[in-house]
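Visitor: fold the following and give me the result.
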Amino acid sequence: MKFGIRKPSLKKSLKARTAGKWKRQVKKQINPFYGKKGMGYIRDPKKALYNKVYNKTTVGVNPLTGIGTSSSSKKSPARQTADWDEIVYTKHRTVKKEVAVASPIERFFRKLTAKESLDTKTIEEQLVVEQATYGEVMTLQGRAEQGIKDYNQAMRYVEETTNPETLFTYLTQAEEALSQTVELSRNHSFLVAEGDDLEKTLAVFMQDKDALVKAFVNRHYDSCLESADELKTDEGKRNRYAKNYEELTHYFKQLPPALVACINHKWQDKIIRTKHLKEES
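Guide: Take a look at the predicted model:
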């Protein structure tokens, strides 16, 4: 175990003050447990214990300030912006592959240990499967957040409106915003959405589209009855019913046949009943 003054490193000091800071911030956005107290003992207990003892028994000399520091002392302020083109996120994938055993010494020891093959061996290799610069991370994070915001805003209109044009316009916008955000999260693993899983949200939305439209039809129908009740004549009421029914017919091609049949039954029954009442009077 080392005691005394640690060997200063200008390169590491600069890196910790600049790129290191922003890499840590990005990692915190990706992993909510990153940097939390006690996580080191969970990930690598041996290394965490070593670092704790090492930082207690040694003192560092900051080559940028000349002041002796320890791990618990306050750090100097870092720069406020990272380079836009600096790579701050890298994702690796471990793959196994067969390589030739070139060293005679290694072949000899493999023979002594009764390895299956003397000529080849399996090694693990880290492949970079995804990289992103600071600019890409910030841009894509902003697009994902905007997509979720647009979806939530559109859904508020879908769930509250009594206007057919508003419903179908915002229903389309909600689907497009959510689908585009899901596609972003599939292509960029550093994008993490808050709340429910986006894939699950999209699946539920697609399943519930008909139910959303059906709820609108009932809401639209009740709103029409309420406004028609304020009219004095049956003719005026019947015209109001016919007008509201006609509004829906423009969107029949977008609806399943069962829902179209339900709408026709509901509205035609109301229009015909009002017409009969007029004839009887």
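Visitor: what ranges do the helices span in the chain?
Guide: For the chain, the helices defined by DSSP state H cover 10-17, 19-30, 39-43, 45-57, 104-112, 134-160, 164-187, 198-228, 234-249, 257-280.
Visitor: what mean pLDDT does stretch 124-135 get?
Guide: Across stretch 124-135, the average pLDDT comes to 84.
Visitor: among the helices of the chain, which is nearest Glu86?
Guide: Glu86 sits nearest to helix 134-160 of all the helices of the chain, at 5.1 Å, using C-beta to C-beta. Any C-beta I mention is one placed from the backbone N, CA and C, and that applies to glycine too.
Visitor: and that closest one, what other elements does it pack with?
Guide: helix 19-30, strand 87-100, helix 164-187, helix 198-228 (3 or more C-beta pairs under 8 Å, 6 or more residues apart in numbering; DSSP states H and E).
Visitor: do that again at 10 Å, thanks
Guide: Packed against helix 134-160 by the contact rule (3 or more C-beta pairs under 10 Å, 6 or more residues apart in numbering; DSSP states H and E) you find helix 19-30, strand 87-100, strand 120-133, helix 164-187, helix 198-228.
Visitor: confidence-wise, which of these is weakest overall?
Guide: Among the helices and strands packed on helix 134-160, helix 19-30 has the lowest mean pLDDT, at a mean of 64.
Visitor: I'd like the helices of the chain laid out as TSV, including distance to Val95.
Guide: As requested, those are exported to TSV (distance: least, C-beta to C-beta, whole Å):
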stretch	distance to Val95
helix 10-17	29
helix 19-30	22
helix 39-43	22
helix 45-57	25
helix 104-112	21
helix 134-160	25
helix 164-187	21
helix 198-228	26
helix 234-249	56
helix 257-280	50
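Visitor: and the ones you listed as CSV, adding mean neighbour count and distance to Gln126?
Guide: Shown next, in CSV, are the helices of the chain (neighbours: other C-beta atoms under 10 Å; distance: least, C-beta to C-beta, whole Å):
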stretch, mean neighbour count, distance to Gln126
helix 10-17, 13, 21
helix 19-30, 16, 18
helix 39-43, 12, 17
helix 45-57, 12, 19
helix 104-112, 12, 22
helix 134-160, 16, 21
helix 164-187, 17, 21
helix 198-228, 15, 27
helix 234-249, 16, 58
helix 257-280, 14, 53
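Visitor: show me the one of those helices that comes nearest Lys97.
Guide: Short answer: helix 104-112, nearest of the helices of the chain by C-beta to C-beta, at 16.8 Å.
Visitor: pLDDT below threshold where in the stretch 1-150 of the chain?
Guide: Scanning the stretch 1-150 of the chain for pLDDT under 70 picks out the ranges 1-23, 25-27, 29-34, 36-43, 45-46, 48-49, 53, 56-82.
Visitor: related to what we said a few turns ago, and the helices of the chain: which comes nearest Leu127?
Guide: helix 164-187 (17.4 Å).
Visitor: what angle sits between the closest one and helix 234-249?
Guide: Angle of helix 164-187 versus helix 234-249, following axes from the mean of the first three to the mean of the last three C-alpha atoms, to 10 degrees, is 20 degrees.
Visitor: which other helices and strands contact helix 164-187?
Guide: Counting by 3+ C-beta pairs under 10 Å, 6+ apart, the packing neighbours recorded for helix 164-187 are helix 134-160, helix 198-228, helix 234-249.
Visitor: how near is the closest residue to Ser179 other than its chain neighbours to Leu225?
Guide: Sequence neighbours aside, Leu202 is the residue nearest to Ser179 in space, at 6.5 Å (criterion: C-beta to C-beta, 6 or more residues apart in numbering). Distance, Leu202 to Leu225, using C-beta to C-beta, to the nearest Å: 35 Å.
Visitor: can you check Lys47 too?
Guide: On the measure of C-beta to C-beta, Lys47 and Leu225 end up 71 Å apart.
Visitor: cool, Gly135 as well?
Guide: 55 Å.
Visitor: what's near enough to touch Val101?
Guide: Counting by C-beta atoms under 10 Å, 6 or more residues apart in numbering, Val101 touches 107, 109-110, 115, 117-121.
Visitor: surely Ala144 and Arg186 touch.
Guide: No: Ala144 is beyond contact range of Arg186, at 11.4 Å (criterion: C-beta atoms under 10 Å).
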